[in-house]
Each structure stands twice: as structure tokens, then as C-alpha cells.
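1. just need the structure, nothing else, for what follows:
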Amino acid sequence: MSRLLAQQQEEEDSRGRITEKFIKKLLRSDHRTYYSTPELNDKLYLHYKGFRKIENLEVFTGLKVLYLEGNGIEKMSGLDKLTEL
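-> This is a model prediction of the structure:
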């Protein structure tokens, strides 16, 4: 029972945030659009995902385009490492 509660709490905490788990799932979701290695991706489609905080994108060093339309972004961090953006 406590394991289920812990899992629910983790999901609630991660809502509206870009987590490592989300990134892994995103890269596996569409092998035609994304490379499994984050550094090789030059585009990320993150529009209409309900994100409030943009973070954990430092691994996408080759990123040139970031689609964020339709999110309620309150805070952005870690984008200084994305020099191609």
C-alpha cells in the first residue's frame, strides 16, 4: 500500500515538469522523430504537454529547435548549456 502511495506522490510531484523519466519515454516513443541518444536530437516537440517548469534539457546539447507552445511555463532553467538553440 505504501509503495502505491509513494508512486502516486512521485507522479504528482512530476506533473508539469520535464523529468528524466519523461525524457526517456519521449525518446522511445517515436523512433522516426528522435534519436535514443539525447545529444543527437536537434528538435524537441514539447508543445501542449502542460509543463510549468522547463528543466533537465542539458543533455540535448545539439538542440536547435524547441517547441513549447501551449504550456503554462512559469520557470526555465538549464538552457544556457544549449548553445545551438
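
2. wait, Leu85 touches Leu66, no?
-> Yes - the criterion here is Cβ atoms under 8 Å, and Leu85 meets it with Leu66 at 6.2 Å. All C-beta atoms are positioned from the backbone trio N, CA, C, and that covers glycine.

3. tell me which stretches of the chain form strands.
-> Counting by DSSP state E, the chain has strands at residues 43-45, 53-54, 65-67, 75-76.

4. same list (those strands) but as a markdown table, adding mean neighbour count, mean pLDDT and distance to Lys24.
-> Shown next, in a markdown table, are the strands of the chain (neighbours: other Cβ atoms under 10 Å; pLDDT from 0 to 100; distance: least, Cβ to Cβ, whole Å):
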| stretch | mean neighbour count | mean pLDDT | distance to Lys24 |
| --- | --- | --- | --- |
| strand 43-45 | 17 | 96 | 13 |
| strand 53-54 | 17 | 92 | 17 |
| strand 65-67 | 13 | 96 | 18 |
| strand 75-76 | 10 | 92 | 21 |
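
5. any chance of those in TSV, with distance to Arg15 too?
-> Putting the strands of the chain into TSV (distance: least, Cβ to Cβ, whole Å) gives the following:
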stretch	distance to Arg15
strand 43-45	19
strand 53-54	10
strand 65-67	20
strand 75-76	14
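
6. out of those, flag the one nearest Lys25.
-> Ranking the strands of the chain by their distance to Lys25 (criterion: Cβ to Cβ) puts strand 43-45 first, at 13.1 Å.

7. check contacts around the closest residue to Tyr34 other than its chain neighbours.
-> Distance criterion Cβ to Cβ, 6 or more residues apart in numbering; nearest residue to Tyr34, sequence neighbours excluded, is Leu27 at 4.8 Å. Neighbouring residues of Leu27 by Cβ atoms under 8 Å, 6 or more residues apart in numbering: 34-36, 38, 41.
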